[in-house]
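A.B. asks: 3D, please:
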Amino acid sequence: MVKFVEAGRSAFRSALERVGRGWSRMQERRPLSSDLLEGEEAYLVVFDAPGVRGEDVQVKFLDHTIEVRLDRYREFYDGFEMIFPGRGVTLSGSVTLPRDADVTPRGANATLTRNGTLEVEIPKDETATDVSVVEQDDEDD
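C.D. replies: Residues are numbered from 1 along each chain as shown. Sure thing, here's the model as predicted:
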């Protein structure tokens, strides 16, 4: 009887792990949620970026499109075993600015906030090539 219960538990854990990995892959294929806002001097794109560190963020600006890639890692916890790996580790998304937007990435900046958002601000009427990423300190709100 004990072997039957252990086999059932093992099969259940295996099924949970397969479902979790499938869910994780589905998250990785779905684009990040985002908002596009326009101000007088800049556009602001806000992406959901839960569980990401600044060094794991890539931001590119190509032909009026802001592309982001986020690589996040699963923390390991002593005394615990992963049963349901349900969070995607590589997430991406993009937002295309309006065709008539007169922007380039000079002066653009990206801020990763403590609450798990990535804010990319692109000034209007500027020229250059790079977007820098800044990680917000714990004291900042």
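A.B. asks: Quick one: residues contacting the spatially most central residue of the chain.
C.D. replies: Nearest to the mean C-alpha position of the chain, counting by CA atoms, centre = their mean, stands residue 49 at 3.7 Å. Listed by CB atoms under 8 Å, 6 or more residues apart in numbering, the contact set of residue 49 reads 32, 57, 68, 70, 91, 112, 116-118. For every residue, glycine as well, the C-beta is placed using N, CA and C.
A.B. asks: distance of residue 43 from residue 49?
C.D. replies: 18 Å (CB to CB, to the nearest Å).
A.B. asks: Then residue 14?
C.D. replies: From residue 14 to residue 49 the distance is 31 Å (CB to CB).
A.B. asks: would you list every one of the strands in the protein?
C.D. replies: 34-38, 42-48, 57-62, 65-71, 90-96, 109-112, 117-123, 132-135 (DSSP state E).
A.B. asks: and those strands as a markdown table, adding mean neighbour count and distance to residue 10?
C.D. replies: Formatted as a markdown table, the strands of the chain follow (neighbours: other CB atoms under 10 Å; distance: least, CB to CB, whole Å):
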| stretch | mean neighbour count | distance to residue 10 |
| --- | --- | --- |
| strand 34-38 | 13 | 41 |
| strand 42-48 | 19 | 35 |
| strand 57-62 | 17 | 38 |
| strand 65-71 | 18 | 32 |
| strand 90-96 | 17 | 29 |
| strand 109-112 | 20 | 40 |
| strand 117-123 | 20 | 40 |
| strand 132-135 | 14 | 41 |
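A.B. asks: How confident is the prediction for the closest residue to residue 31 other than its chain neighbours, by pLDDT?
C.D. replies: In space, and not counting its chain neighbours, residue 31 is closest to residue 93: 4.3 Å by CB to CB, 6 or more residues apart in numbering. Looking at residue 93, its pLDDT is 93.
A.B. asks: List the contacts of residue 93.
C.D. replies: Taking CB under 8 Å, 6+ apart, one finds 31-34, 47, 67-68 in contact with residue 93.
A.B. asks: nearest to residue 18, of the strands of the chain?
C.D. replies: strand 90-96 (19.2 Å; CB to CB).
A.B. asks: Great, nothing more from me.
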